[in-house]
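**Student:** what's the 3D shape of this:
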Amino acid sequence: MATVTASTPRALPTGLLKHRAVHKLLLIALAAAILVPLANARWASGSWPSALTVDLTKPLGSASDWIIDNRDSHPLFLYGFGYVSNAVVISVRAVYLVLLGAGWAGVTALGALVAWRVAGVRLALGTTAAFLACGLLGMWVPTMQTLALMVVAVLASVVVGVLLGLAAGLSRRMDKVLRPVLDTMQVMPAYAYLLPVVLVFGMGVPAAVLATVVYAAPPMARLTALGLQGADKEVLEAVESLGTTARQRLLTARIPLARKELMLGLNQTIMMALSMAVIASVIGAAGLGDRVYQALASVDVGAALAAGIPIVLLAVVLDRVTGAAGDDSAGQGRAGHGRAGWAYALAGTVVVAVAGRLLGRLDWPDAWTLNIAEPVNRAVDWMTAHLYSGVPVVGGTADWAGHFTTWVLDPIRSGLQGLPWWSVLLVVATLAWLIGTWRTALTAVLAMAAIGVLGVWTPALDTLSQVLAAVAVTLVLGFATAVAAARSDRVERLLRPVLDVFQTMPQFVYLIPVVALFGVGRAPAAAAAVVYALPAVVRITTQGLRQVDPAAMESSRSLGATKWQQLRQVQLPLARPALLLAVNQGVVLVLAVVVIGGLVGGGALGYDTVFGLAQGDLATGLVAGAAIVCLGLMLDRVTQPTERRSGKGA
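**Tutor:** Coordinates of the predicted model:
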């Protein structure tokens, strides 16, 4: 008995020391014990040393000047980028003229008939109502401008994405080469894509389209590769046994088997392209995004909402149509099958378009428009007078924003900026190594150090403070909502349409309600980020909790565990991968909107990016954009577990 008692305490530390995380913590503690005193002695002030900073203002300014001076004469632009730019302009203009030539009746008929062919009458009616609403709001022409930009950008994104996906799906070597590139592109906020294309193509439609292609092509590439790699091995072996060539196997087996992933990729590409097409209004793209941007610049919430509603309607329609096209179970609701159904839809569209032209009804009638800007602005004025402050007990929305800034945002920012720079790198390395490998930690540390080298350490920590605060709120609200949805089918059904709408709204649109409710500042930018990231966190967490093994739940229930004990001791531990994925996606999505929050007073890197674009100061904008990319890469590595990264396909 004494022997057993004596051996037990010796066995526990031995088993504990074998744990990989404990090994990492011990090594980190040893490294900290050696490096922290040295760093503190060398850099006692804690601010990023100027000796480690590289000033890129002069070289970037020189490069910008050279590009501007040679854009009309150098062969690289005349015979390279110039042809690309002209092709984009011609394509967008051609699509736009076709849409205008079809008239509002022809375009509405085309959208309704395609929806009818793909998913049935209900979606056709919804599509008709959405297009009519765009006209009623007086936004028909801007909607057609955005739609023309979307058509060209989506087609180009699909072509580029499919080619990259084919290369990655058919070659393991190309998959390894493309994966880090696509990883980096996926964590880059949309705003960062505007800077390089503006430098090369200048302000206007070509830059907007090409930035959209770069932003929207990665999901198509990822899902194409995923579909090709996940094709049924037995089917491929059966096709190969028939003596088919590699090209025949690709066209007759691999691509048909990957149809679901391809349609999902198309859906995601369309959603990201629409989001980016709206953001691209900042660099001169006409359409709905430009209307929203101009209205936000003048704090005209009514005009911004009038342009924002068509964006949401367009996003919902495109999401539903492409989603139904990729859903095999939707086949029973479709109006027809094969080429005959599409022939009828095309014939009906032509008939309606010709009838509209003969009747002289190509343009949307001015008498059929509703001016919602004035009543919305009156409502905003009423809110400003009655809800911004002075509300008994709860206070007003301005009070909430002020308290959040004073009690949450300011302390986090002061804490981060008060830390020595080397301690920030040490914390980043610790978190990244604990959740991943030494390569993960090295990537995260180098990304964070690059921010200091670029000379934007202080504004980057300001942006990071907003991200951390918004992520904390997002996770609290998202996990609480997901737990309720996972426990109740009724709650999930009620939440589903709300989450659908919020998830299809482009990032730009979220700025409208927060400006109306909270004014401008860092708190409204954080609020917009929370609303944008919340649907993804709720969906992923709910799915993870619902997929917990029912046998484990039944076993805990038979042992008398309460619902709270089941959640804490069974569901949450077993759903850990989904929870980590929810955190990762929440961080990436929050960063994307916090950066755009520079348009509504968010400051920091977002403001530098907006200022650089608005003033033509590409050096400031490019440095801020590069810092945003580094910050996004660091946050992705710190919140993305190794097992997900190694098998990540989408």
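**Student:** So in this protein, which helix runs the longest?
**Tutor:** What stands out as the longest helix in the chain, according to DSSP state H, is helix 82-119.
**Student:** what's the offset of whichever helix or strand comes after it from the middle of its chain?
**Tutor:** Following helix 82-119 in sequence order, the next helix or strand is helix 121-136 (DSSP states H and E). Here helix 121-136 is found 26 Å from its chain centre; the criterion is C-alpha atoms, centre = their mean, to the nearest Å.
**Student:** Using CSV, write out every CA atom in helix 121-136.
**Tutor:** Coordinates of each C-alpha in helix 121-136 appear next as CSV, following Å, rounded to 0.1, in the frame of the first residue of the first chain:
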residue,chain,number,x,y,z
VAL,A,121,-42.0,29.8,-59.0
ARG,A,122,-41.4,31.0,-55.5
LEU,A,123,-37.8,32.2,-56.2
ALA,A,124,-39.0,33.6,-59.6
LEU,A,125,-41.5,35.8,-57.8
GLY,A,126,-38.9,36.9,-55.2
THR,A,127,-36.5,37.8,-58.0
THR,A,128,-39.1,39.8,-59.8
ALA,A,129,-39.9,41.7,-56.6
ALA,A,130,-36.2,42.4,-56.0
PHE,A,131,-35.7,43.9,-59.4
LEU,A,132,-38.9,46.0,-59.2
ALA,A,133,-37.8,47.3,-55.8
CYS,A,134,-34.5,48.5,-57.3
GLY,A,135,-36.5,50.5,-59.8
LEU,A,136,-39.0,51.8,-57.2
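**Student:** what helices or strands is that helix leaning on?
**Tutor:** helix 82-119, helix 140-170, helix 301-325 (3 or more C-beta pairs under 8 Å, 6 or more residues apart in numbering; DSSP states H and E). For the C-beta atoms, the positions are set from N, CA and C on the backbone; glycine is no exception.
**Student:** Those helices: lowest mean pLDDT?
**Tutor:** Least confident of the helices and strands packed on helix 121-136, judged by mean pLDDT, is helix 301-325 with a mean of 80.
**Student:** Residue 543 touches residue 577, doesn't it?
**Tutor:** No - using C-beta atoms under 8 Å as the test, residue 543 is too far from residue 577 to be in contact (11.0 Å).
**Student:** Serialize the helices and strands packed on helix 121-136 to a markdown table and add fields for mean neighbour count and distance to residue 278.
**Tutor:** Listed next are these as a markdown table, based on neighbours: other C-beta atoms under 10 Å; distance: least, C-beta to C-beta, whole Å:
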| stretch | mean neighbour count | distance to residue 278 |
| --- | --- | --- |
| helix 82-119 | 20 | 15 |
| helix 140-170 | 23 | 7 |
| helix 301-325 | 23 | 6 |
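**Student:** For whichever strand or helix holds residue 383, enumerate the helices and strands it packs against.
**Tutor:** Using DSSP H and E, residue 383 maps to helix 373-386. Counting contacts by 3+ C-beta pairs under 8 Å, 6+ apart, helix 373-386 packs against helix 301-325, helix 511-518.
**Student:** can you do 7 Å?
**Tutor:** With contacts taken as 3 or more C-beta pairs under 7 Å, 6 or more residues apart in numbering; DSSP states H and E, helix 373-386 sits against helix 301-325.
**Student:** Give the other helices and strands that the helix it packs on contacts.
**Tutor:** Contact analysis of helix 301-325 by 3+ C-beta pairs under 7 Å, 6+ apart lists helix 82-119, helix 121-136, helix 140-170, helix 259-279, helix 288-297, helix 373-386, helix 489-504, helix 511-518 as its packing neighbours.
**Student:** for stretch 610-622, what is the average pLDDT?
**Tutor:** Mean predicted lDDT for stretch 610-622 stands at 70.
**Student:** What of stretch 535-549?
**Tutor:** Mean predicted confidence for stretch 535-549 is 82.
**Student:** buried set for that stretch?
**Tutor:** For stretch 535-549, a neighbour-count test (16 or more other C-beta atoms under 10 Å) marks 535-546, 548 as buried.
**Student:** Closest to residue 522 out of those residues?
**Tutor:** Nearest to residue 522 among the buried residues of stretch 535-549 is residue 537, at 21.2 Å by C-beta to C-beta.
**Student:** That closest one is in what secondary structure piece?
**Tutor:** Following DSSP H and E, one finds residue 537 within helix 522-546.
**Student:** could you say what helices and strands the following helix or strand past that helix packs with?
**Tutor:** Note on helix 522-546: by DSSP H and E, the next helix or strand toward the C-terminus is helix 550-558. Contacts defined by 3+ C-beta pairs under 7 Å, 6+ apart place helix 550-558 against helix 563-566.
**Student:** Make CSV from the buried residues of stretch 535-549 and add distance to residue 263 to it.
**Tutor:** Compiled in CSV, those are given as follows (distance: C-beta to C-beta, whole Å):
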residue, distance to residue 263
535, 21
536, 20
537, 25
538, 24
539, 19
540, 21
541, 25
542, 23
543, 20
544, 24
545, 27
546, 24
548, 29
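**Student:** For those residues, work out which two are farthest apart.
**Tutor:** 535 and 548 (21.4 Å).
**Student:** Just the terminal-to-terminal distance for stretch 592-604.
**Tutor:** End-to-end distance of stretch 592-604 (C-alpha to C-alpha, to the nearest Å): 13 Å.
**Student:** That's all I had, so thanks and see you.
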